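Colleague: Quick one, fold the following:
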Amino acid sequence: DLHRAGGIPQVMRILYANGVLHGDALTIDGRTVAEVIKDVPARPSADQDVIHPWDRPLAPQGHIVILRGNLAPEGAVAKISGGGRGSYEITGPARVFESEETCLAAILAGSIQAGDVIVIRYEGPKGGPGMREMLAPTAALIGAGLGETVGLITDGRFSGGTHGLVVGHVAPEAALGGPLALVEEGDPITIDAGRGDLRINVADRVLQTRRAKWKAPAPRYTSGVLAKYARLVSSSSHGAVTDA
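Modeller: I've put the predicted structure just below:
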């Protein structure tokens, strides 16, 4: 359907016409982007409904949103899908899990309720190590009928197949002592994708007390490639690279 509607060249032409695509970038055949798409109409054909015009988007904002707040000083990435304004905001009690596996077990056991905000931590680049994909818990939430009513935040990552209000790449990660490590069961947490806010609604003095008591968990690997990776990897906000 996308191909018949004009394909990626049509999408690129719309973006270029509205100033959000660099036309001078070179393509693989030596021509610039502007040269490649110069004969493509600036507006999509009116006899299709796959590619929308710039002034009539599918949604008022995109499905990839950068959030910040006292839970993510270096930022986090939300992928929002589903219906209605309710999909963009939730405030609820934290349900805290130290790994993907323990979270999945709780969902399958029926321990998660509508309105909860799941926290899966120590799954970041260093804590995982390797920043695993948290697809299984989101799939389980959908299977339990909770895909639209439960929030999920993690220092891990997601695939393109996730659904609902999910926030990944929370940085700094818990293994580095990021605020995610200070969350306790039942803490009220707000995910507001419309405002780009990810917040734990707990007094700063309480968080400071928790930080004074926090100790980094033992690494999951003490030798081999993964142990070396965990020692060298940077924060996800810096690309989770090992330049050190």
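Colleague: Quick check: end-to-end length of stretch 190-210?
Modeller: In stretch 190-210, first residue to last residue: 19 Å (Cα to Cα, to the nearest Å).
Colleague: For this structure, which segments count as strands?
Modeller: Secondary structure of the chain (DSSP state E): strands at 64-69, 72-80, 89-97, 117-120, 151-154, 165-171, 188-192, 197-200.
Colleague: Contacts for the first one, please.
Modeller: So that's strand 64-69. Residues from elsewhere that reach strand 64-69 (Cβ atoms under 8 Å, 6 or more residues apart in numbering): 75-80, 167, 191-193, 196-199. In this view, the C-beta of every residue, glycine as well, is placed from N, C-alpha and C.
Colleague: can you rerun that using 6 Å?
Modeller: Contacting residues not belonging to strand 64-69 are listed as G75, A76, A78, A193, G196, D197, L198, R199 [Cβ atoms under 6 Å, 6 or more residues apart in numbering].
Colleague: Spell out which residues make up each domain of this protein.
Modeller: Per the record, the chain has its domains at 1-55, 64-236, by automatic domain parsing.
Colleague: Deepest in the core, which of these is it.
Modeller: domain 64-236 (a mean of 18; mean count of other Cβ atoms under 10 Å).
Colleague: ok, back up a step: in JSON lines: the domains of the chain, plus mean pLDDT and distance to T242.
Modeller: Output for the domains of the chain, formatted as JSON lines (pLDDT from 0 to 100; distance: least, Cβ to Cβ, whole Å):
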{"stretch": "domain 1-55", "mean pLDDT": "95", "distance to T242": "28"}
{"stretch": "domain 64-236", "mean pLDDT": "92", "distance to T242": "4"}
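Colleague: Can you redo these as a markdown table, where the extra columns are distance to D243?
Modeller: Shown next, in a markdown table, are the domains of the chain (distance: least, Cβ to Cβ, whole Å):
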| stretch | distance to D243 |
| --- | --- |
| domain 1-55 | 25 |
| domain 64-236 | 7 |
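Colleague: From A5, how far off is the nearest residue to D29 once chain neighbours are set aside?
Modeller: The shortest distance from D29 to any non-neighbouring residue, by Cβ to Cβ, 6 or more residues apart in numbering, is to V36 (7.9 Å). As for V36, its distance to A5 is 18 Å (criterion: Cβ to Cβ, to the nearest Å).
Colleague: got the contact list for A140?
Modeller: L104, I107.
Colleague: what's the spacing between it and G127?
Modeller: Distance from A140 to G127, by Cβ to Cβ: 21 Å.
Colleague: if we can go back for a sec, make TSV out of the strands of the chain and add distance to L108.
Modeller: Formatted as TSV, these follow (distance: least, Cβ to Cβ, whole Å):
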stretch	distance to L108
strand 64-69	28
strand 72-80	23
strand 89-97	13
strand 117-120	13
strand 151-154	15
strand 165-171	18
strand 188-192	22
strand 197-200	26
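Colleague: So which of those is nearest L180?
Modeller: Closest to L180 of these, according to Cβ to Cβ: strand 165-171, at 5.4 Å.
Colleague: who does the closest one pair up with?
Modeller: Applying DSSP bridges, strand 165-171 is found paired with strand 72-80 (antiparallel), strand 151-154 (parallel).
Colleague: Of all these, which one comes closest to D187?
Modeller: With Cβ to Cβ, the closest approach to D187 among the strands paired with strand 165-171 belongs to strand 151-154: 11.7 Å.
Colleague: got a list of what G127 touches?
Modeller: Contacts for G127 (Cβ under 6 Å, 6+ apart) come out as E173, A174, A175.
Colleague: Next up, the contacts around the closest residue to it other than its chain neighbours.
Modeller: Among residues not flanking G127 along the chain, A175 sits closest, at 3.2 Å (Cβ to Cβ, 6+ apart). Neighbouring residues of A175 by Cβ under 6 Å, 6+ apart: Y122, G124, K126, G127.
Colleague: Many thanks, have a good one.
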